[in-house]
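>>> The following comprises the amino acid sequence and a computationally predicted model.
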Amino acid sequence: MKCPYCTKIDNKVIDSRLSKDGRMIRRRRECLQCGRRFTTYEKLEEVLPLVVKKDGRREPFSREKIISGIRKACQKRPVSITRIEEFADSLELYFQELGKKEIDSTDIGERVIARLREWDEVAYVRFASVYRQFKDINEFMAELEDILRARKTNGEPS
């Protein structure tokens, strides 16, 4: 590791600690040339699958894109950004551990929809209307009727 101050590569590790989530190591180093100290972070290279879009295009898995879509759906709703980020982290980890080289975008979308339905019905309908590409008000109404039926089945007030 090059010293950021003198650019020499001779240094020693004086302290190593695991991050809270256990996914990164923080190392405190001292340059043997200039004596200054600096911090480095080491983490496992994440091998995430490619996402196969509905039109056949492939693009890298993007945690940020998932967070952005969920945030739009949850705008002005009682869903915290922390909750959204934790869900995105768990989704990323799930697909990483799955070990596949490619995943369908529908796999991601359906998992997001299911979680939003648990969290907030308004956010769920917002996301579903874009994700499922409702063509007219009738499709929108059918989705709302499904929500109301599910509420009655679960004994919730309408």
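Good, I have the coordinates.

>>> can you pull the contacts of the residue nearest to the spatial centre of the chain?
The centre of the chain sits closest to Ala88, judged by C-alpha atoms, centre = their mean, with a distance of 2.3 Å. By C-beta atoms under 8 Å, 6 or more residues apart in numbering, the contact list for Ala88 reads 63, 66-67, 70. C-beta here means a position set from N, CA and C on the backbone, and glycine is covered the same way.

>>> Residue most distant from the centroid, the chain?
Gln33 (41.4 Å).

>>> circling back to that earlier point, which parts of the strand or helix carrying the residue nearest to the centre of the chain are buried?
Assigned by DSSP states H and E, Ala88 belongs to helix 81-98. For helix 81-98, burial by neighbour count (16 or more other C-beta atoms under 10 Å) applies to 84, 87-88, 91-92, 95.

>>> Packing partners of the one helix or strand Lys65 maps to?
Using DSSP H and E, Lys65 maps to helix 63-73. When contacts are defined as 3 or more C-beta pairs under 8 Å, 6 or more residues apart in numbering; DSSP states H and E, helix 63-73 packs onto helix 81-98, helix 105-119, helix 121-131.

>>> Distance check, the residue farthest from the centre of the chain against Lys8.
Distance from Gln33 to Lys8, counting by C-beta to C-beta, to the nearest Å: 4 Å.

>>> Could you list the domains of this protein?
11-43, 50-153 (automatic domain parsing).

>>> out of those, nearest to Cys3?
Minimum separation from Cys3 across those (C-beta to C-beta) falls at domain 11-43, 3.9 Å.

>>> Span of the closest one from start to end?
19 Å (C-alpha to C-alpha, to the nearest Å).

>>> in that domain, what's buried?
11, 27, 29, 31.

>>> what's the closest of these to Cys74?
Cys74 lies nearest to Arg27 out of the buried residues of domain 11-43, by C-beta to C-beta, at 37.1 Å.

>>> elements contacting whatever helix or strand that closest one lives in?
Following DSSP H and E, one finds Arg27 within strand 24-31. Counting contacts by 3+ C-beta pairs under 8 Å, 6+ apart, strand 24-31 is packed against strand 11-18, strand 37-43.
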